[in-house]
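Student: here is a sequence together with a model predicted from it:
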Amino acid sequence: MMAGASDFIDQYLPIVSGVAQKYNLDPRQLLSQIALETGFGKHVIPGSNNPGNIKQFGGGGVSAVDNQTGTTDNYHAYPTLEAGVDAMGSLLARKYAGGTNLTGYAEDPNYQAKLQKVGAQLDAAAPGPLDPSTIKWDDAAAPAQNAAPQPGQIKWDDEGSAAPVKAAPAAPKATPRQQLADNLTNNWLDQVTQGALHSVTNTIGGVAQKGAHAIGDVVSNLGGTNAGPAINHIGDAIASYLSQGTPNTPAGIAGQVLGGSVLPVPAATGITRAALQGATLGAAQPVQNPDQNFWSQTGKQALIGAAAGGAGGAAGRLISGFQPTAAAQAVNDLGVTPTVGQALGGTAKSVEERLNSLPIVGDAMKVGQRQQVDQFNRALYNRALAPLGQSVPDGVATGADAVTHVRDTIGQAFDNLEQNASFQPRGQFIRDLQNVRTDLAQNAPERLAQFDTVVNNNIAQKLQNGSLTGPQWGDARSTINTLARNARMGNSTPADRAFASSMDDLNDAMTQQVIRNSPPGLAQQLQQASTAWRGYKQIESAAGMQGAVNRNNIFTPAQFSNAVRNSSTNYQRATNSGMNGQIAQQAQEVLGNHYPDSGTTGRYLTDAAIMGGAAHFSPLAALGAAATIPAYGTNIGRQAVYNALFNRPDVLQQLGPLLQGLSGNAGIPAANQ
């Protein structure tokens, strides 16, 4: 038996059992995934209680290095391990089809294969098959409802060799009130059962009746004999016999809907398919008055069934909520709240964008778009500072002040660390330096002499015994960064920008060499500061673009996307794998490329006057227009709308698809009524 896996099962299975039951997950799969994420419980991020390694965007949480990508990211922190497993279960149920489709959960392309391997290890570590049906309770008293089993209570079946299980004590005698409740329940279940049976037999009878009438009508048209009506009457008799005895009660009607699911009709997964299924089942029901226009009645049954199915499908969609695009969800997770159209994408977004030209509504949308850009900037500031466990205080205004705060915070982190650091230019640094020089020679050969002077003045001439002290490295880093910033200012030429990039690459090469020269603890802190600085340089580049400078250094998603591309290698640009490359693309897709130049407070005052006048002619229209202002023009309003449509409670997310799946079956009782 594997001791590590066995200990892991004892610790986590009690927690996993309750969470798997709560979210209708496979406990073996959930346990295997936690084992894979944590190395059988040995590598949970300290202070996080996060065995699923769920990342947190927009600041906060616990900072750690992603072993797959090498980047330093933020991870959610939970108060207890139970809360962490519960969060993982909720995430799998909501976004990954209950754990059956893990695409996107991890960046490792071999994640699924590794998961299967870990599951086999868990099976080998358990005394018997690791399956929820083999868990037994070894306790004199029956466990509380939904209580998770404790390690000492779990017995593995092990092909029939498990220890005998103590019988639960006999249930106490029911009180009169409980007996009444049991009778009502049993009666309700009987009615549901009868209704379900009626769905099957009634539909069979209806199909027989339709077939008989179709054949009878053909015979009558061909021969003009009494054979046609006789065939019709046979079909009517079969339908009448099979349709007897259904309880016309809510429970009976519910049973009819449930019973429809066993009939050979494609399952309904959307509003349109639910309506088609309802029409099919409705048309298949027997006609109650065959002496009247038979086929007209059948057509009405089809229409009624379609209406019932479509209404049920729409209700299911409303109950479970809507699904935002992956890009919209990522932007929302970052800390920027999309509008309804932005979240749905496609036609909904196009329709919403056309509302920009309207008074009141359009101005509210433009104010909201400016707020979104502000949220986007602030989220990226916090994303850059996250490796240091820092964020921009609310009192620091978005724009130049916040950019300066991010730069100074990271600079202070380097200042605190450099006292114990040293720089020794050798090995990998010499190779990195040559690569930087080769790139500059290809892009701006006229700036090579200046590059060599920088290296000579700031590194070569200051070496003592082959190294720089930490403060000397800090001075060199500051000087080189200033040269890069100055080269990008004003009307910079391509050669200026190439030289600026070479200065950034030189600084990064020096920092990585210092990290290699440092002991593990200091190296980790320096790596976190380096990651933060790389994020800041993208912000600095975007905030320094001409359009952003005119807006107090507030940049759009398009400008940030350009900054990300400028800081990426050719491979990273081709695969969108550079730092912040994916979120930059997603933000541009959802939020757009431009910064709205209207939607000011003055326009709001004008809108208020318009609404005041419109209220005299159409109070409802004025009220509807006014309602769009908080829904579009305030962060709180947009978040409330987004949560209402896209972040429904788990129980509703599960109930909605169930209702959608059964909605087409409503065509049976609807047509019969």
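Tutor: It's in. Here the structure is a predicted model, which means the values were calculated and not measured.

Student: what is the rounded mean pLDDT of stretch 522-536?
Tutor: Averaged over stretch 522-536, pLDDT sits at 94.

Student: my bad, stretch 586-594
Tutor: 89.

Student: how about that stretch, which residues are buried there?
Tutor: Neighbour counts over stretch 586-594 (16 or more other Cβ atoms under 10 Å) mark 586-592 as buried. No exception for glycine: its C-beta is placed from N, CA and C like everyone else's.

Student: filter those down to just the ones in helices.
Tutor: Using DSSP state H, the subset of the buried residues of stretch 586-594 located in helices is 586-591.

Student: adding distance to Ala87, write the buried residues of stretch 586-594 out as TSV.
Tutor: TSV is the format used below for the buried residues of stretch 586-594 (distance: Cβ to Cβ, whole Å):
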residue	distance to Ala87
Gln586	23
Ala587	25
Gln588	30
Glu589	27
Val590	25
Leu591	28
Gly592	32
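
Student: which among these gets closest to Gly39?
Tutor: Gln586 (31.1 Å; Cβ to Cβ).

Student: re the thing from before, of all the ones in helices among the buried residues of stretch 586-594, which two lie farthest apart?
Tutor: Gln586 and Leu591 (9.1 Å).

Student: what sits in contact with each of the two?
Tutor: Val331 (Cβ atoms under 8 Å, 6 or more residues apart in numbering).

Student: neighbours of Ala495, how many?
Tutor: 16 (other Cβ atoms under 10 Å).

Student: list the buried residues of the helix or strand hosting it.
Tutor: Using DSSP states H and E, Ala495 falls within helix 494-517. Neighbour counts over helix 494-517 (16+ other Cβ under 10 Å) mark 495-515, 517 as buried.

Student: quick one: the residue lying closest to Asn580 once chain neighbours are set aside from Leu440, how far?
Tutor: Closest residue to Asn580 apart from its sequence neighbours, by Cβ to Cβ, 6 or more residues apart in numbering: Val564 at 5.3 Å. Counting by Cβ to Cβ, to the nearest Å, the gap between Val564 and Leu440 amounts to 21 Å.

Student: contacting residues for Glu540?
Tutor: Taking Cβ under 8 Å, 6+ apart as the test, what Glu540 contacts is 403, 407, 485.

Student: which residue in these has the weakest pLDDT?
Tutor: Arg485 (88).

Student: can you name the residues that contact that residue?
Tutor: Arg485 touches 500, 540, counting by Cβ under 8 Å, 6+ apart.

Student: could you check the angle whichever helix or strand it is part of makes with helix 494-517?
Tutor: Assigned by DSSP H and E, Arg485 belongs to helix 470-488. For helix 470-488 against helix 494-517, the angle between stretch directions is 160 degrees (axes from the mean of the first three to the mean of the last three Cα atoms, to 10 degrees).

Student: ok, now which ones touch Pro338?
Tutor: 324, 328, 331-332, 372, 590-591, 638, 642.

Student: again, but for Leu25
Tutor: Contacts of Leu25 (Cβ under 8 Å, 6+ apart): 19, 89, 92-93, 98-99.

Student: please repeat the previous calculation with a cut-off of 6 Å.
Tutor: By Cβ atoms under 6 Å, 6 or more residues apart in numbering, the contact list for Leu25 reads 89, 98-99.

Student: that's a helix at Ser63, yeah?
Tutor: No - using DSSP: H, G, I helix; E, B strand; the rest coil, the assignment for Ser63 is strand, not a helix.

Student: coming back round to it: in helices, which of the contacts of Leu25 fall?
Tutor: Gly89.

Student: quick one: which of the contacts of Leu25 has the most company?
Tutor: Gly89 (26 neighbours).

Student: thought that one was touching Asn24?
Tutor: No - taking Cβ atoms under 6 Å as the definition, Gly89 is not a contact partner of Asn24, at 9.4 Å.

Student: C-alpha coordinates for the helix or strand Phe451 falls within, PDB please?
Tutor: Assigned by DSSP H and E, Phe451 belongs to helix 448-458. What follows is helix 448-458 as a C-alpha-only set of coordinates in PDB (Å, rounded to 0.1, in the frame of the first residue of the first chain):
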ATOM      1  CA  LEU A 448      25.700  50.100 -30.900                       C
ATOM      2  CA  ALA A 449      28.400  52.500 -29.800                       C
ATOM      3  CA  GLN A 450      26.000  54.100 -27.300                       C
ATOM      4  CA  PHE A 451      25.000  50.600 -26.000                       C
ATOM      5  CA  ASP A 452      28.600  49.600 -25.500                       C
ATOM      6  CA  THR A 453      29.300  52.900 -23.600                       C
ATOM      7  CA  VAL A 454      26.400  52.200 -21.300                       C
ATOM      8  CA  VAL A 455      27.700  48.700 -20.500                       C
ATOM      9  CA  ASN A 456      31.300  50.000 -20.000                       C
ATOM     10  CA  ASN A 457      30.300  52.900 -17.800                       C
ATOM     11  CA  ASN A 458      27.700  51.100 -15.600                       C
END
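
Student: nothing else from me, thank you.
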